[in-house]
Structure formats: structure tokens, C-alpha cells
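# One predicted model, sequence on top.
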Amino acid sequence: MERTEFKRIHLIAIGGSIMHNLALTLHDQGITITGSDDEIFEPAKGRLATAGILPEQEGWFPEKLDTKPDAVILGMHARPDNPELHRAQELSIPVFSFPEFIYEQSKHKQRIVIGGSHGKTSTTSIIMHVLQYCDRLFDYAVGAQLEGFDRMVKLTEDAPIIIIEGDEYLSDPIKRIPKFHLYHHHIGVITGISWDHINVFPTPEVYREQFRIFAEMTPKAGTLIYNQDDEQVQLVAVPRNPADIAYIGYTVHPHSIKNGKTILHSKKEGDVEIQLFGEHNLRNISAAREVCKKLGVKAHDFYEALKTFKGAAKRLEKLGENQISVIYRDFAHAPSKVKATTQAVKAQFPQRKLVACIELHTFSSLNKNFLPQYAGALNTADVPVVFFSPRTLEHKRMEMLTEEELKAAFQNPKLQVFTDAKQLQQYLTGMDWHNTNLLLMSSGTYDKIDLEALTKAVLK
């Protein structure tokens with residue numbers, strides 16, 4: 001099945017993190033790229049400008065479609081009433097969501113899609129790191145900037161496989177289908193299921209149903225690799241036609257922790273010291289190992305590659321350390337991620353105190369009906385801290401939260417609550433950090449706190 005050739009493509013919402021990466025990749029192929037967005041921030045702005053494809057001004061300009069490009073790619077950031085979208089529809093120009101376009105360009109490849117509420121970026125990045133170490137030819141689409149890869153998207157004619165991080169969030173503002181339903185995987189992975197995106201999936205059951213659909217989309221002779229320790233995953237990954245599909249369950253990789261270092265135990269390769277840690281990452285390693293086996297990677301090569309893997313950006317990323325403290329930041333914001341990440345840091349350094357600070361930033365995390373999902377999420381921290389910006393609630397037009405409500409939701413009377421970034425910074429820099437670690441968890445910016453400066457102040 002051949003992929004469609006395009007000469008000119010227009011991207012609506014070109015400034016998005018993965019959309020601008022796609023634009024750059026297509027530009028590198030010699031495709032003429034145009035695009036629009038109502039706001040474009042760094043690093044997208046600078047990268048698009050360097051390539052010569054930064055829109056001259058921000059905003060939506062339907063007349064850009066009058067040149068009739070071969071296709072339009074619609075970013076999730078755009079609204080259904082976008083004037084450029086309407087113009088494309090009037091002119092009968094094919095409109096693709098991001099996942100539809102990735103599928104269109106990889107119909108002739110073996111597609112490996114990693115789905116799950118948590119762990120999908122880390123699992124995807126481990127697989128990519130191993131394949132790169134083994135000099136394998138592959139394309140990819142991943143939701144984070146990874147060390148060793150200059151883009152988040154790669155699309156070529158030659159690569160026989162593509163590794164895709166399969167987000168369960170909606171594909172675009174029109175069709176509103178989960179992204180990972182549109183890639184049509186040959187090998188699918190489900191790393192875990194924990195209710196999220198309450199604005200789109202109003203109940204845990206509706207959310208879980210999206211993963212059941214994904215599991216049942218596994219084709220004949222396909223493979224479904226799943227976290228067998230997750231009760232919610234077990235409900236959707238039940239082998240229905242094991243004669244046609246390979247169902248492979250995985251668990252935590254055998255390991256031990258010595259002096260703050262994680263050692264993997266392998267029957268063939270012996271002990272392997274790695275840079276990752278945390279039970280959730282040890283499951284991600286097992287998932288990646290099963291995928292790599294299916295792709296013909298030998299065990300020796302897998303573990304050799306893993307020794308040099310430092311982790312994905314903002315996934316237990318080390319901001320700094322000295323002899324008495326380590327500071328990590330993590331993208332964790334959903335309850336299951338917050339709990340797993342907090343437990344991981346505490347387990348890695350059991351003799352040290354842990355200050356764990358989460359920023360409530362997403363629609364779900366700020367929703368009073370969803371907040372009880374955080375019960376016990378910070379209980380392994382010695383000093384649990386929650387930060388949120390009242391401006392974020394105002395911007396999202398949501399009801400204000402109180403300290404009492406947060407303590408009740410987290411079921412943690414020790415919880416410290418901050419709504420002012422400067423006060424939070426002063427609190428953290430004023431603490432005694434002897435034999436104490438700091439974990440910062442957020443998908444936001446803590447209201448633009450300079451984390452580099454904060455790290456230096458804590459470690460001074």
C-alpha cells in the first residue's frame with residue numbers, strides 16, 4: 001500500500017509542539033509548507049523561523065487556502081469554527097488530523113503504537129533509543145523531545161517500521177476520535193489505565209472504553225502487549241481470539257537497588273546497572289523489551305543500549321545534585337503518575353526526606369469532581385506540597401479551590417498549599433535541604449518559576 005505524495009501542505013495550528021515538528025520534517029522532504037496559528041512560542045517560533053516557514057503574522061487567514069494546497073493538517077489547538085478550516089472545506093481540500101496524516105504516510109510500514117494513561121512516552125523513548133543503538137531504520141512520532149533525536153516526528157519512504165506514541169486524547173476538534181484509534185497498529189501496547197481527561201471522558205468507564213476499542217483493533221497476526229499488573233488493563237486486554245493474536249503480559253523487571261542505583265537482573269546478561277529508576281519505569285522497560293523482541297532485537301543489544309539511556313525530558317529528569325540532595329522534575333500531573341513518581345523517588349533514596357511538589361494545572365486536576373482521585377497520591381512524601389495559580393482557574397472559567405478542599409481530596413493533613421509562585425519559591429529555598437530530595441511535578445511552569453535558579457538556590 002503506497003503512501004500519498006504531497007507537494008504543498010498547509011498546517012492549521014502549526015505552532016503546537018508536535019505540529020511544528022511535523023512541519024519541519026515535511027519541509028526537510030522538499031514539501032512546500034505554509035501554516036497559521038494564533039500564538040507561537042519558543043522553541044517552535046525559532047525553529048520555524050530558521051527553516052523559513054514561520055507565518056509572517058499570528059492569526060487565521062482563510063486566503064492562504066486559495067492557493068489550494070494538496071492537503072491541510074488540522075491541529076487539536078484549532079477550534080471547530082476556524083476560518084481556515086471552513087475555507088479548506090469550501091474548496092474541498094483534503095483535511096487530515098495529525099494521527100490521520102501519520103497513518104496516511106505509514107500505510108506501507110509496520111506500525112507499533114504505545115498507548116496508556118502513563119508510561120507511554122518513556123516506553124516509546126526506550127524503544128527508539130534501543131533501535132537507534134542497533135542502527136535500525138525506523139520512523140517515529142513521539143510526544144516529547146528525546147535526547148539523540150532532533151525532532152519529535154520522522155517520516156521517510158525507506159523505513160520499514162514506525163514507532164508511535166499513542167495518545168488517547170482527541171485527534172482534532174471536528175472528528176473528536178482518540179488519536180490512538182487512528183494509527184491502526186500491528187503491535188499495540190497498553191502500559192496502564194487511570195482515568196484522565198475528565199473534560200472529554202466524563203466517567204472512568206467511558207475512559208476505559210477507549211482502551212478496549214484500541215485492544216480490539218489489534219489485527220489478525222498482530223500483537224497486544226499489556227501491563228498484567230494493572231486491574232483496569234486486565235479488563236480490556238482479555239484474550240478474545242488468541243489463535244489469531246499474540247497477547248503478551250508483562251510485569252516489573254527483576255531488579256535491586258544498591259546505593260541509589262538500580263540494577264536489572266537478567267538470566268542471560270547477568271546484572272545490568274541502568275540510569276532509570278522507579279517501579280513504573282521498570283514496567284516500561286519490560287514493555288519495551290517485549291516490543292524489541294518482536295522487532296528482532298537480541299537481549300544483549302537491548303541491555304547494552306539500556307545502560308546509556310538517560311530517560312525522556314521531564315520524566316524524572318535530574319535538574320541538579322550534590323552530596324546531600326537531588327532535584328528531579330517530572331511531567332506527572334495525573335493522580336496515578338503523581339503517586340508512582342513520588343513512590344519511585346522515595347524508594348530510590350529511602351534514607352532521605354522527600355519534598356514532593358505538584359502543580360495542579362490541567363482541566364482534570366483543577367476539577368472539584370476529579371480531585372478525590374488524588375487521595376493518597378503524595379503520602380510517601382515527607383513534605384507534600386500542592387501549587388496552583390488562581391489565574392489558571394480564572395482562564396479556564398473554573399470554580400476556585402480552597403486549602404481545606406485540597407487537604408480533604410488528597411487525604412493528607414500535612415499538605416502545604418501555595419497559590420503564589422514567589423511564596424512557593426521562598427518556602428522551598430528557605431528549607432533545610434540536608435539529606436533531603438526535591439521532586440517537582442507539573443505539566444505547566446509553576447507560574448513561570450525559574451527552575452534553574454531554584455535548583456541553584458536549593459543546592460547552594
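On my side now, so go ahead.
# how long is stretch 52-64 end to end?
Start to finish, the residues bounding stretch 52-64 are 16 Å apart (CA to CA, to the nearest Å).
# Report the buried residues of that stretch.
Buried residues in stretch 52-64, counted by 16 or more other CB atoms under 10 Å: 53, 54, 55, 60, 62, 64. Heads up, the C-betas are built off the backbone N, CA and C, glycines and all.
# Could you give the average pLDDT over that stretch?
Confidence over stretch 52-64 (mean pLDDT, whole number) is 96.
# Kindly report the same for stretch 86-95.
The average pLDDT within stretch 86-95 is 97.
# which other residues reach it?
10, 12, 62-63, 65-66, 68-74, 85, 174 (CB atoms under 8 Å, 6 or more residues apart in numbering).
# are any of those buried, and which?
By 16+ other CB under 10 Å, these give 10, 12, 62, 65, 69, 71, 72, 73, 74, 85 as buried.
# What separation is there between the third one and residue 68?
Translated: residue 62. Distance, residue 62 to residue 68, using CB to CB, to the nearest Å: 12 Å.
# what helix or strand does the residue most central in space within the chain sit in?
Compute the mean C-alpha point of the chain, and by CA atoms, centre = their mean the closest residue is residue 121, 4.5 Å away. Using DSSP states H and E, residue 121 sits in helix 120-133.
# Which elements pack onto that helix?
strand 110-115, strand 161-166, helix 279-294, helix 299-307 (3 or more CB pairs under 8 Å, 6 or more residues apart in numbering; DSSP states H and E).
# Count the residues that sit near residue 109.
21 (other CB atoms under 10 Å).
# Excluding chain neighbours, what is closest to it?
residue 162 (4.9 Å; CB to CB, 6 or more residues apart in numbering).
# cool, and residue 48?
residue 54 (4.0 Å).
# which element is that neighbour on?
Applying DSSP H and E, one finds residue 54 in no helix or strand.
# residues in contact with it?
Contacts of residue 54 by CB under 8 Å, 6+ apart are 40, 45, 48.
# Can you lay out these as JSON lines showing distance to residue 427 and secondary structure?
Formatted as JSON lines, the contacts of residue 54 follow (distance: CB to CB, whole Å; DSSP: H, G, I helix; E, B strand; the rest coil):
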{"residue": "40", "distance to residue 427": "34", "secondary structure": "coil"}
{"residue": "45", "distance to residue 427": "33", "secondary structure": "helix"}
{"residue": "48", "distance to residue 427": "38", "secondary structure": "helix"}
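# end-to-end on stretch 101-121?
Note: stretch 101-121 ends 20 Å apart using CA to CA.
# Actually, stretch 265-285.
12 Å.
# And it, what's buried?
Under 16+ other CB under 10 Å, the buried positions of stretch 265-285 are 266, 272, 274, 276, 277, 278, 280, 281, 282, 283, 284, 285.
# doesn't residue 251 make contact with the last one?
Pointing back at residue 285 there. No: using CB atoms under 8 Å as the test, residue 285 is too far from residue 251 to be in contact (10.9 Å).
# coming back round to it: for the contacts of residue 54, which single residue is the most surrounded?
residue 48 (22 neighbours).
# can you pull the contacts of it?
Going by CB under 8 Å, 6+ apart, the list of residues near residue 48 reads 14, 15, 20, 23, 24, 35, 40, 54, 55.
# How about the secondary structure of the third one?
Classification of residue 20 into helix, strand or coil gives helix, according to DSSP: H, G, I helix; E, B strand; the rest coil.
# Name all residues that make contact with it.
Contacts of residue 20 by CB under 8 Å, 6+ apart are 14, 40, 44, 47, 48.
# let's see 7 Å
14, 44, 47, 48 (CB atoms under 7 Å, 6 or more residues apart in numbering).
# Then the first one?
Contacts were defined as CB under 7 Å, 6+ apart; by that measure residue 14 touches 20, 23, 35, 36, 37, 48, 55.
# Give me the spatial nearest neighbour of it, chain neighbours excluded.
residue 35 (3.0 Å).
# Nearest to residue 5 among the helices and strands packed on helix 120-133 would be which one?
Ranking these by proximity to residue 5 (CB to CB) places strand 161-166 first, at 17.5 Å.
# so that closest one versus strand 110-115, what angle?
20 degrees (axes from the mean of the first three to the mean of the last three CA atoms, to 10 degrees).
# Please tell me how far residue 15 sits from residue 6.
Counting by CB to CB, the gap from residue 15 to residue 6 is 21 Å.
# what separates stretch 408-420 from the chain centre, distance-wise?
26 Å (CA atoms, centre = their mean, to the nearest Å).
# Alpha carbons of it, as PDB, please.
What follows is stretch 408-420 as a C-alpha-only set of coordinates in PDB (Å, rounded to 0.1, in the frame of the first residue of the first chain):
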ATOM      1  CA  ALA A 408      -9.600  16.600  52.000                       C
ATOM      2  CA  ALA A 409      -9.100  15.500  48.400                       C
ATOM      3  CA  PHE A 410      -5.500  14.400  48.900                       C
ATOM      4  CA  GLN A 411      -6.400  12.900  52.300                       C
ATOM      5  CA  ASN A 412      -3.200  14.300  53.700                       C
ATOM      6  CA  PRO A 413      -3.300  16.700  56.600                       C
ATOM      7  CA  LYS A 414       0.400  17.500  56.200                       C
ATOM      8  CA  LEU A 415      -0.300  19.100  52.700                       C
ATOM      9  CA  GLN A 416       1.200  22.500  52.200                       C
ATOM     10  CA  VAL A 417      -0.900  24.600  49.700                       C
ATOM     11  CA  PHE A 418       0.500  27.600  47.700                       C
ATOM     12  CA  THR A 419      -1.200  29.900  45.200                       C
ATOM     13  CA  ASP A 420       1.600  32.400  44.800                       C
END
